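Visitor: Got a predicted structure here, sequence first:
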Amino acid sequence: MKALAISGSARTRGNTEHMLNTCIEVFENAGMETELIRLSKNSVHPCTACGSCYKTKDNTCIQKDDAFHMIYDKMREADIIIVGSPVYFGSATPNLMALLDRAGYVGRANGSVFARKVGGPVVVARRAGQNFTLAQLLFWFMIMDMIVPGSSYWNMGFGRGPGEVQEDTEGLDTVRHFAENLVWLAEKLNS
Ligand SMILES: Cc1cc2nc3c(=O)[nH]c(=O)nc-3n(C[C@H](O)[C@H](O)[C@H](O)COP(=O)(O)O)c2cc1C
């Protein structure tokens with residue numbers, strides 16, 4: 001099975017990545033093929049609302065000058081998709097939302113390509129905004145017809161400087177358990 005983690009942080013090796021890597025470790029221990037994609041290294045332009053994807057219906061977006069298709073194809077191949085975002089002024093990053101808007105529109109134009117895949121979001125912030133950002137991202141997973149398991153708490157961490165989230169042991173335990181639930185669920189669905 002394949003597990004894909006997408007970091008929406010503008011910062012490479014920051015707290016979002018620490019949280020996603022905590023999940024990736026669980027996926028690897030379960031024998032899954034894993035990959036982390038950083039939007040800090042792969043820019044994705046926003047959706048232009050041109051509607052071309054609904055005309056061509058060939059799993060492509062008319063914009064071809066960015067990393068979108070590389071990431072979208074990996075999302076289609078994955079059994080598990082998790083996304084991570086730092087909170088930026090109470091919301092998910094525009095980098096991540098640009099990807100999710102386009103992947104969501106192209107995916108729905110082609111028969112809900114993410115339907116019944118499992119996954120979910122994790123978020124991190126210095127002080128506040130995790131609840132809203134987690135909910136914001138959950139809306140995407142829900143309308144994609146995906147299956148999101150719970151955890152021992154909501155998937156959120158606290159931290160400001162790179163790596164600070166490692167001191168939030170409850171936050172990391174929560175996302176570790178979330179990843180364990182994803183493995184459990186994916187294995188049940190694939191058996
Ligand atoms: C533009 C910007 C806006 C931010 N807004 C918030 C916020 O609304 N609430 C908060 O608690 N932290 C906020 N932060 C802090 C980040 O969420 C925090 O440093 C986080 O750990 C960054 O994750 P990263 O290391 O993966 O980039 C903001 C940071 C930036 C750069």
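Guide: That came through fine.
Visitor: Which residue would you name as the spatial centre of the chain?
Guide: By CA atoms, centre = their mean, the chain has its centre lying nearest to Val83, at 1.5 Å.
Visitor: got the contact list for that residue?
Guide: Ala5, Ile6, Ser7, Gly8, Leu96, Leu100, Gly119, Pro121, Val122, Leu137 (CB atoms under 8 Å, 6 or more residues apart in numbering). (Glycine included, C-beta is placed from N, CA and C.)
Visitor: where's the residue lying closest to Met144 once chain neighbours are set aside, which helix or strand?
Guide: Spatially, and ignoring its direct neighbours in sequence, Met144 is nearest to Phe114 (4.3 Å; CB to CB, 6 or more residues apart in numbering). For Phe114, there is no host helix or strand (DSSP states H and E).
Visitor: mind checking the backbone torsions on Phe114?
Guide: Main-chain dihedrals, Phe114, degrees, to the nearest 10: phi -100, psi 0.
Visitor: Double-check Lys41 against Thr12; I have them as touching.
Guide: Yes - counting by CB atoms under 8 Å, Lys41 touches Thr12, with 6.6 Å between them.
Visitor: Looking only at neighbour counts, state which of the two leads.
Guide: Thr12 (13 against 9; other CB atoms under 10 Å).
Visitor: hang on, the earlier thing: show me what the residue nearest to the centre of the chain is bridged to.
Guide: Legend: beta-bridge partners of Val83 under DSSP bridges are Ile6, Pro121.
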